[in-house]
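Chemist: Structure here, sequence nowhere to be found:
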């Protein structure tokens with residue numbers, strides 16, 4: 001490709017300022033007013049640069065951005081882009097990362113992450129903090145670690161997702177998802193995982209009202225359920241819970257193991273009780289269901 005053409009401390013304005021740019025190194029540069037400055041660009045390295053207006057990276061390919069900033073009006077910043085890595089950056093703008101392929105986010109903050117990460121394929125997230133609803137809707141093939149999320153309806157419709165060491169404050173997370181495994185994480189939010197298929201939680205702590213219902217093949221290994229009530233309704237379950245469960249309601253089938261269950265609600269006109277085995281490990285058998 002040859003040596004990259006360099007822009008250093010430039011101040012670029014106007015629509016499509018570097019449209020179809022190729023093989024560029026852009027350092028300490030401001031993309032000010034003007035839409036789509038790097039639309040259809042290829043082989044771009046961005047260092048310490050700033051985006052202040054809309055749609056900066058659409059239909060781009062082979063992008064590396066380090067120590068960069070997307071300001072609030074740089075909304076819908078990266079759509080339809082392939083092979084992009086963003087590191088040590090702050091992204092204030094909403095609606096970022098749509099229909100991207102091969103996306104890496106490392107040490108990134110997303111304080112306004114509403115409707116962000118939609119329909120992306122092949123996503124790696126490490127040490128990301130995000131605040132906003134509907135994160136990662138319909139994404140697939142994701143590997144996530146050390147994510148801190150403040151926002152509801154996350155991972156709706158996501159497929160083939162692995163999450164580790166994360167902290168999710170998220171109502172209605174993992175709805176309609178498929179093949180999601182969460183390790184060593186904390187999840188708080190009502191209605192966790194409804195309508196999911198193959199949801200696995202390992203060494204997790206969950207706090208949820210009516211969590212884990214309507215799930216086809218829910219697996220929980222060495223998990224805690226804190227203030228978690230009316231769980232497992234119409235779910236097929238293989239659950240190993242450390243400590244007690246506040247209440248269980250109408251599981252469809254499987255095995256539930258816990259120290260104790262404060263309330264077990266079984267409505268025989270709605271489910272077949274014989275399809276679920278419930279094991280309480282507590283010493284005081286009178287307190288077990």
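Modeler: Happy to help now that I have it. Values in this document were obtained by computation on a predicted structure and should not be read as measured data. Numbers count the residues shown, from 1 in each chain.
Chemist: Neighbours of residue 52, how many?
Modeler: 19 (other CB atoms under 10 Å). Bear in mind the C-beta positions are built from the backbone N, C-alpha and C, glycine included.
Chemist: My error: substitute residue 66 in the last question.
Modeler: For residue 66, the count of nearby residues is 16 (other CB under 10 Å).
Chemist: Nearest spatial neighbour of it, chain-adjacent residues omitted?
Modeler: Of all residues not flanking residue 66 in the chain, residue 87 sits nearest, at 4.8 Å (CB to CB, 6 or more residues apart in numbering).
Chemist: what sits against the one you found?
Modeler: Going by CB atoms under 8 Å, 6 or more residues apart in numbering, residue 87 touches 64, 65, 66, 67, 104, 105, 106, 107, 108.
Chemist: any idea which element it lies in?
Modeler: Element membership of residue 87 [criterion: DSSP states H and E] is strand 82-91.
Chemist: So what sits opposite the residue nearest to residue 66 in the bridge?
Modeler: residue 66, residue 106 (DSSP bridges).
Chemist: Touching, residue 191 and residue 214? I think so.
Modeler: No. Using CB atoms under 8 Å, residue 191 is not in contact with residue 214; the gap is 9.4 Å.
Chemist: give the contact list for residue 12.
Modeler: Counting by CB under 8 Å, 6+ apart, residue 12 makes contact with 18, 29, 30, 31, 32, 34, 37.
Chemist: Sort the residues you listed by pLDDT and name the bottom one.
Modeler: Ranked by pLDDT, those bottom out at residue 34, which scores 94.
Chemist: low-confidence ranges in the protein?
Modeler: 1, 283-289 (pLDDT under 70).
Chemist: quick one: the strands in the stretch 51-200 of the chain?
Modeler: 57-58, 61-66, 69-70, 78-79, 82-91, 101-110, 121-131, 140-150, 159-164, 167-169, 178-183, 186-188, 197-202 (DSSP state E, counting those that start in this stretch).
Chemist: Which among those strands is found nearest to residue 226?
Modeler: strand 186-188 (8.6 Å; CB to CB).
Chemist: Does anything pack onto the closest one? Which helices or strands?
Modeler: For strand 186-188, the packing partners by 3 or more CB pairs under 8 Å, 6 or more residues apart in numbering; DSSP states H and E come out as strand 167-169, strand 205-207.
Chemist: Name the strands paired with the first one and say parallel or antiparallel.
Modeler: Here strand 167-169 has these sheet partners by DSSP bridges: strand 140-150 (parallel), strand 186-188 (parallel).
Chemist: Adding mean neighbour count and distance to residue 159, write those strands out as JSON lines.
Modeler: Output for the strands paired with strand 167-169, formatted as JSON lines (neighbours: other CB atoms under 10 Å; distance: least, CB to CB, whole Å):
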{"stretch": "strand 140-150", "mean neighbour count": "19", "distance to residue 159": "4"}
{"stretch": "strand 186-188", "mean neighbour count": "20", "distance to residue 159": "19"}
